[in-house]
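Engineer: Sharing a model that was predicted from the sequence below.
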Amino acid sequence: MSNSEWKSELTEFFEDIQIIEKCKKQTLEDFEQLCEFIAEPAFENLSEELKRQKIKSRFKKNKKKSIDFQINFPGSRLDHFHYTIFLPKNSVQLKLTLHIRGRKNKESQLENKEMPFMEGVQPSDLLRMPKEKIIQDVIDHYKAFVYETIAVP
């Protein structure tokens, strides 16, 4: 390897590192926008409707890496179901993970499932997604969880 070849290789390496860091920063900014403009309004609307059903719910953002929507047992303060959108560490694109956690009954421990978030939606399309799509996804996962807990032995 000649003198100019290894210098060129080293320069390319550091340029690649800068590109990766820019992508990570942009992905974090995109996640912030997804939370602020899509997920939080969706969770607020869903909370209002659940309140009409006499079910408490809440959401919170956790250190720029996740946003969690919690639904309590009807007439209780105990958490029943969690829908958490999670940005994996060192992400260079908005490829998110969905964590579903829930209890079968008030005495049981939380059970966890992890899957891709909005599997059919490309990361580049997430910021253009209507909040109703997240609302429907929460409802679909919540219904599936509740039906499973009341129908499966």
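Structural biologist: Ah, there it is. Values in this document were obtained by computation on a predicted structure and should not be read as measured data. Numbers count the residues shown, from 1 in each chain.
Engineer: you'd agree P88 is up against L94?
Structural biologist: No. Counting by CB atoms under 8 Å, P88 stays clear of L94, with 10.5 Å between them. C-betas here are computed from N, CA, C, even on glycine.
Engineer: who has more neighbours, the two?
Structural biologist: Counting neighbours by other CB atoms under 10 Å for P88 and for L94 shows that L94 has the greater number, 22 against 11.
Engineer: In contact with the nearest residue to the more buried one once chain neighbours are set aside, which residues are there?
Structural biologist: The shortest distance from L94 to any non-neighbouring residue, by CB to CB, 6 or more residues apart in numbering, is to P123 (4.1 Å). For P123, the contact set (CB atoms under 8 Å, 6 or more residues apart in numbering) comprises Q93, L94, K95, L96.
Engineer: Drop anything exposed from these.
Structural biologist: By neighbour count, with 16 or more other CB atoms under 10 Å, the contacts of P123 hold L94, L96 as buried.
Engineer: where do the helices sit along the protein?
Structural biologist: Using DSSP state H, the helices of the chain run over 3-34, 40-52, 131-151.
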